[in-house]
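[1] Structure for this input, please:
(one chain, ligands or ions: 1)
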Amino acid sequence: MEPQHKPIRILLIEDESAIADTVVYSLESEGFEANWCTTGEDGLAAFREMRPALVILDIGLPDANGLDLFRQLQEISPVPVIFLTARGTEIDRVVGLEIGADDYIVKPFSPRELTARVRAVLRRADPGMVQEPATSESPFQIEQEAMRIHCHGQPLELSRYEYRLLKLLIESQERVYTRGQLLQLVWENPDHSIERTVDTHIKTLRNKLRAVRDGFDPIKTHRGTGYSLSLRD
Ligand code: CA
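    Sure, this is the predicted structure:
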């Protein structure tokens with residue numbers, strides 16, 4: 001192991017607190033230092049002060065256009081940027097303008113998707129800066145390309161939503177999600193789904209995990225709140 005580095009600083013400029021909370025939480029749980037600003041003006045000031053290694057920038061800010069802000073940041077000091085965009089015209093602008101953003105991610109996105117992009121962009125900018133999180137202790141292995149999850153070495157037979165649900169829970173262990181949040185983060189048409197759908201999928205997931213190893217039940221129910229995945233006992 002290399003000696004402990006200072007945490008990598010990331011600046012998030014995003015006006016929607018629900019999104020920002022998730023992003024900050026997932027970055028910090030992977031060892032990054034995350035700073036959050038809600039406006040372009042605050043973002044610029046924070047950028048000058050903290051000189052982050054990477055900026056995550058919402059395109060639609062209340063006081064600024066994310067694309068203009070991107071150019072202003074680059075004038076102060078070149079920095080890798082990942083844009084957060086809504087579907088539709090905002091993406092077209094990011095892609096079409098080819099302004100040199102390092103990556104973009106479309107809302108809604110999973111925390112793991114974002115942190116994976118952050119690592120990839122940082123690695124491109126400076127190979128060696130980022131270390132992969134230790135996974136050796138986990139009974140789970142996720143194969144992203146194959147959309148498959150192994151549990152204690154055995155491949156699980158999962159439906160699409162079971163896969164997405166379990167992947168999210170594995171990747172943000174100990175975090176308690178409400179049924180509503182799980183619907184938003186996992187389901188493609190959350191507005192047309194009901195919260196009971198989440199319960200049904202959790203139930204089948206639990207059965208599949210127990211089938212691999214008797215008594216293995218890492219998905220916790222939080223009464224009145226929702227679910228989390230915990231490997232601590
Ligand atoms: Ca916004």
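[2] mind checking pLDDT for the residue in the chain positioned nearest to the ion?
    The nearest approach of the chain to the ion comes at Gly60, 3.9 Å away (C-beta to the ion). Using the backbone N, CA and C atoms, a C-beta is placed for each residue, glycine as well. In this prediction, Gly60 carries a pLDDT score of 88.
[3] wait, it sits on Gly66?
    Yes: counting by C-beta atoms under 8 Å, Gly66 is a contact partner of Gly60 at 6.8 Å.
[4] Which of these two has more residues huddled nearby?
    Legend: neighbour count by other C-beta atoms under 10 Å for Gly60 and Gly66, higher for Gly66 (23 against 15).
[5] tell me the average confidence for stretch 201-210?
    According to the model, stretch 201-210 has a mean pLDDT of 96.
[6] gap between it and the chain center?
    24 Å (C-alpha atoms, centre = their mean, to the nearest Å).
[7] now stretch 210-227
    That offset, for stretch 210-227, works out to 22 Å (C-alpha atoms, centre = their mean).
[8] With stretch 169-188 instead?
    Using C-alpha atoms, centre = their mean, the offset of stretch 169-188 from its chain centre is 11 Å.
[9] Please name the residues that touch the residue nearest to Arg164 when sequence neighbours are not counted.
    Spatial nearest neighbour of Arg164, chain neighbours left out: Val186 (4.6 Å); criterion: C-beta to C-beta, 6 or more residues apart in numbering. Listed by C-beta atoms under 8 Å, 6 or more residues apart in numbering, the contact set of Val186 reads 110, 161, 164-165, 168.
[10] Make JSON lines from those residues and add secondary structure and pLDDT to it.
    Shown next, in JSON lines, are the contacts of Val186 (DSSP: H, G, I helix; E, B strand; the rest coil; pLDDT from 0 to 100):
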{"residue": "Ser110", "secondary structure": "coil", "pLDDT": "86"}
{"residue": "Tyr161", "secondary structure": "helix", "pLDDT": "94"}
{"residue": "Arg164", "secondary structure": "helix", "pLDDT": "94"}
{"residue": "Leu165", "secondary structure": "helix", "pLDDT": "96"}
{"residue": "Leu168", "secondary structure": "helix", "pLDDT": "92"}
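[11] Now for these: which two are most distant?
    Greatest spatial distance among the contacts of Val186 (C-beta to C-beta): Ser110 and Tyr161, at 12.7 Å.
[12] Around the ion, pick out the residues from the protein.
    Contact residues, the chain versus the ion (C-beta under 5 Å from the ion): 15, 58, 60.
[13] Which pLDDT value belongs to the first one?
    Read it as Asp15. Looking at Asp15, the pLDDT reads 95.
[14] Isn't it up against Ile59?
    No: Asp15 is beyond contact range of Ile59, at 10.8 Å (criterion: C-beta under 8 Å).
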